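>>> have a look; sequence and predicted model below, questions after that.
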Amino acid sequence: MWLMTVPTLGQRRAEKRKIEILEAALAVLSEDGYGSASMDKIAERALLTRVGLYKHFKDKTTLMVALREYKLLELAQRVAAVVGQQTGFEKQLRAVVQETVQYQSENQGFFHVLLSSSFSSDLQADLSLKPFIYIISSVFALGFAEQRLRPADPLEYAGMLTTLVFQPSIKRAFVPSDFSVPPTNLADLISDVFLYGVLQK
């Protein structure tokens, strides 16, 4: 019989402190950029000594990987919640896109850091997006069941949609523009581009 273990008070405090450190790190990384942000400044923002910070994270790379995992899991949880409220492939897919675009709008600093740190040689690809990809794959499984999609590897679809759905952050980081599309309109546009390209005719 499987039993769910309840975190102890100490574990809950440690997790709360870790999140506080990650939020402090995000603030510093957003201000200074991944390359320029120092562990000293992050420690100061988190109200820790340098030694105290290193007890939690051995270096900036480890901290950045933890920050990716924390924020992208938060995104996956939000997306899972809205997908669960919808029935049918197209509604679920539009919910994925809408929530992801909204999350990016609310977390622009994180996505700027995410994109800029991805070019760093000390940060390799990791599995932070795996929960998000899993949710998208479950939506595509419904699309296949409804025979709404052309036959293909679900991961191919997941890769295409992920590329499209992170377009707002990519645009903000690399395409200077004074024109800003409201998140809802942008989510509809991204959904239409994807759906009209892959829906089974």
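That came in fine, so what should we check first? Owing to the predicted nature of the structure, the values given are computational and were not obtained by experimental measurement.
>>> now do the buried residues in the helix or strand hosting residue 161.
Assigned by DSSP states H and E, residue 161 belongs to helix 154-165. By neighbour count on 16 or more other Cβ atoms under 10 Å, the buried set for helix 154-165 is 154, 157, 158, 161, 164, 165. All C-beta spots, glycine's among them, are computed from the backbone N, C-alpha and C.
>>> could you give the mean pLDDT of it?
Averaging pLDDT along helix 154-165 gives 87.
>>> by contact count, what packs against that helix?
helix 89-106, helix 130-145, helix 183-198 (3 or more Cβ pairs under 8 Å, 6 or more residues apart in numbering; DSSP states H and E).
>>> run the angle between that helix and helix 130-145 for me.
Helix 154-165 runs at 110 degrees relative to helix 130-145, counting by axes from the mean of the first three to the mean of the last three Cα atoms, to 10 degrees.
>>> now the element after helix 154-165, going C-ward?
Helix 154-165 is succeeded, C-terminally, by helix 167-174 (DSSP H and E).
>>> now do that following helix: which elements does it pack against?
helix 89-106, helix 108-117, helix 183-198.
>>> least reliable of those going by mean pLDDT?
Across the helices and strands packed on helix 167-174, helix 183-198 gives the lowest mean pLDDT, at a mean of 82.
>>> now residue 112: how far from residue 36?
Distance check for residue 112 against residue 36: by Cβ to Cβ, to the nearest Å, it reads 13 Å.
>>> the two: which is more packed in?
residue 112 (17 against 10; other Cβ atoms under 10 Å).
>>> does that one really touch residue 172, like I thought?
Yes. Residue 112 is in contact with residue 172 according to Cβ atoms under 8 Å; the separation is 7.1 Å.
>>> having no further points to raise, I will conclude here.
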